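>>> Predicted model and sequence follow; I will ask about them next.
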Amino acid sequence: MSFAVFFWISDIGFRRSIEATVNDASRTNLETIQRLLQSKAESGNDKIRHELRELSDLWANGALFEVADGNGDWIFRSPRFMLAKTPLPAVQDRRITFFTTNLDSFQYRIALQRVDLAGKRYEIHAAVPTEPFDQALDHFRSIEQETLPVLVLLASFLGYWLSGRSLAPVNRIIETAKSIGVQSLSRRLELPRAQDELRRLTETLNAMLERIEKSVARITQFTADASHDLRTPVAVIRATAEITLRRRRTDSEYRAALSKVLETSEETSELIENLLTLARADAGAVSMDMRTLDLAKHVLKAKERGAVLSAEKTLDVTARTPPKPVWIEADAIAIDRLLLILVDNAVKYTPTGGRCEIELSREGEQAQIRVRDTGIGISMNDLPSIFERFVRADSTRSRETRGAGLGLAIARWITEMHGGTIVAESEIGVGSVFRVSFPALREHRNAIDLNEMPPAASRI
Ligand code: ADP
């Protein structure tokens, strides 16, 4: 198609240039005759006729001409002019008129002009045969016709070869991509050598594969850890029941066994609840009910719960809040859960006689909560990973404390859902501080009273 267009345009161009050449040739002849007339105007028509005949004999290239004087009488005519197929057009003053017609059976391009030379008027017609030019055009067209199919064939082969070459890397990518499944997520697409769009696409796909691989690894790890953590309490419940049922027991033995079963089931429920929360968080299926609330009330509530939790240990649980309310935009249930996780940990990991302090303050644009304890502390080694799922510090694992290492992961998720940050500082044997910061509101906007809140359902 593009070849046909190319040839069509070339044909037009060639025709135009031939036309211009023919016009130039007839114009040049016209000017030669003019010069002759100019020089011989004084000598009379006979002399002029004689000169023109000589000129006509000189022109061996088939050019013809005729010249008439001011009265329209012919001074000289090449005989073929008399055999013109169509009458020549009327000549306009001064301007050269071009006209194509047959003289005898040959085609000519004729330049016609009326001129005033040395006070006399002449009309000159100079004709140039178009045949040589037509032949050149025909020759050009036959070359076109012969080369077009060859060129089209060549171009098709070249196109086929080139597309095969350029599609080879795409095919390789398709083949590799087909072979990648969940079991072979570590495979990567081969990078094409050229620094082009395809290479960028491959790099992007590889980066995507990397992200998918990490996510799948996380999910697999999560499932494995969760199954492991669920198996332990179920095994405890089962073993307790089996051992108890082996023979007749006293009332108090039955009581003890049932208490153990109850306690373990409660822990299992809590674990399942935490697992569900994180699964929902991963799925993005949790919507926070954001309202304006006074953080101080929630801190005091957490302190009350801490006091209940630490009843057996005689810990000193205190809370310090500023005199003015500290307003934040938050989900009340989520905030309670976050504070409970931190206070529960502080109580859990602080030995009898220790202290746990919850402090709320407003620092600039931030509302800050510090949960400080004088507990067992966390080593520098463990500190960076305690917010990861299923991570428990070395100091804890050896002890008989309940927990699956999910609390702080949930705490971090809740904090981040509120645009806040959570960090921990700790020293083994001295204690730990967990610091949570939230963006604070300047003032109360339709704040709700906590007591009017619905009971803390398991929304998150
Ligand atoms: P867990 O259910 O084990 O308490 P968390 O995610 O709440 O899980 O905490 C992760 C680990 O961080 C705990 O196992 C414990 O080793 C450590 N940790 C958390 N809070 C404290 C604390 N206040 N004092 C000492 N260690 C803590």
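The structure has been received and is ready for your questions. Numbers count the residues shown, from 1 in each chain.
>>> quick one, strands of the stretch 301-450 of the chain?
Assigned by DSSP state E, counting those that start in this stretch, the stretch 301-450 of the chain shows strands spanning 316-320, 327-330, 355-363, 366-373, 421-427, 431-439.
>>> separation between Pro322 and the ligand?
Distance, Pro322 to the ligand, by C-beta to the nearest ligand atom, to the nearest Å: 24 Å. Heads up, the C-betas are built off the backbone N, CA and C, glycines and all.
>>> Any idea which residue of the stretch 151-300 of the chain lies closest to the ligand?
Using C-beta to the nearest ligand atom, the closest approach of the stretch 151-300 of the chain to the ligand is made by Asn274 at 8.2 Å.
>>> The closest residue to that residue other than its chain neighbours: what's it in contact with?
Spatial nearest neighbour of Asn274, excluding adjacent residues (C-beta to C-beta, 6 or more residues apart in numbering): Leu406 at 4.2 Å. Residues in contact with Leu406 (C-beta atoms under 8 Å, 6 or more residues apart in numbering) are 271, 274-275, 278, 389-390.
>>> From the residues you listed, which land in helices?
Judged by DSSP state H, the contacts of Leu406 include 271, 274-275, 278 as members of helices.
>>> Pick out the one among those with the largest number of neighbours.
Asn274 (21 neighbours; other C-beta atoms under 10 Å).
>>> Mind checking the strands of the stretch 301-450 of the chain for the one nearest to Thr147?
Ranking those by proximity to Thr147 (C-beta to C-beta) places strand 421-427 first, at 74.6 Å.
>>> shouldn't Leu191 be in contact with Leu201?
No. When contacts are counted by C-beta atoms under 8 Å, Leu191 is not listed as touching Leu201 (10.3 Å).
>>> Counting by contacts, list what the strand ranked longest in the chain packs against.
The longest strand of the chain (DSSP state E) is strand 106-117. Using 3 or more C-beta pairs under 8 Å, 6 or more residues apart in numbering; DSSP states H and E, the elements in contact with strand 106-117 are helix 2-40, strand 97-103, strand 120-129, helix 131-179.
>>> Dump those to JSON lines, plus mean neighbour count, mean pLDDT and distance to Ile422.
Below are those laid out as JSON lines (neighbours: other C-beta atoms under 10 Å; pLDDT from 0 to 100; distance: least, C-beta to C-beta, whole Å):
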{"stretch": "helix 2-40", "mean neighbour count": "15", "mean pLDDT": "85", "distance to Ile422": "66"}
{"stretch": "strand 97-103", "mean neighbour count": "15", "mean pLDDT": "88", "distance to Ile422": "93"}
{"stretch": "strand 120-129", "mean neighbour count": "22", "mean pLDDT": "89", "distance to Ile422": "98"}
{"stretch": "helix 131-179", "mean neighbour count": "12", "mean pLDDT": "86", "distance to Ile422": "40"}
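>>> Turn those into JSON lines, columns for distance to the ligand.
Output for the helices and strands packed on strand 106-117, formatted as JSON lines (distance: least, C-beta to the nearest ligand atom, whole Å):
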{"stretch": "helix 2-40", "distance to the ligand": "69"}
{"stretch": "strand 97-103", "distance to the ligand": "99"}
{"stretch": "strand 120-129", "distance to the ligand": "103"}
{"stretch": "helix 131-179", "distance to the ligand": "39"}
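>>> So which of the ones you listed is nearest Ser361?
helix 131-179 (54.4 Å).
>>> Can you name every helix or strand that that closest one contacts?
If you count contacts as 3+ C-beta pairs under 8 Å, 6+ apart, helix 131-179 packs onto helix 2-40, strand 106-117, helix 197-245.
>>> How is this structure partitioned into domains?
Following automatic domain parsing, the chain resolves into domains at 2-137, 197-283, 291-458.
>>> Give me the contacts around the longest strand of the chain.
With C-beta under 8 Å, 6+ apart as the criterion, strand 106-117 contacts 22-23, 25-27, 29-30, 34, 37-38, 41, 64, 80, 88-89, 91-102, 121-131, 134.
>>> What are the buried residues along it?
107-115, 117 (16 or more other C-beta atoms under 10 Å).
>>> and which of the ones in helices among the contacts of Leu406 is nearest Lys301?
Asn274 (20.5 Å).
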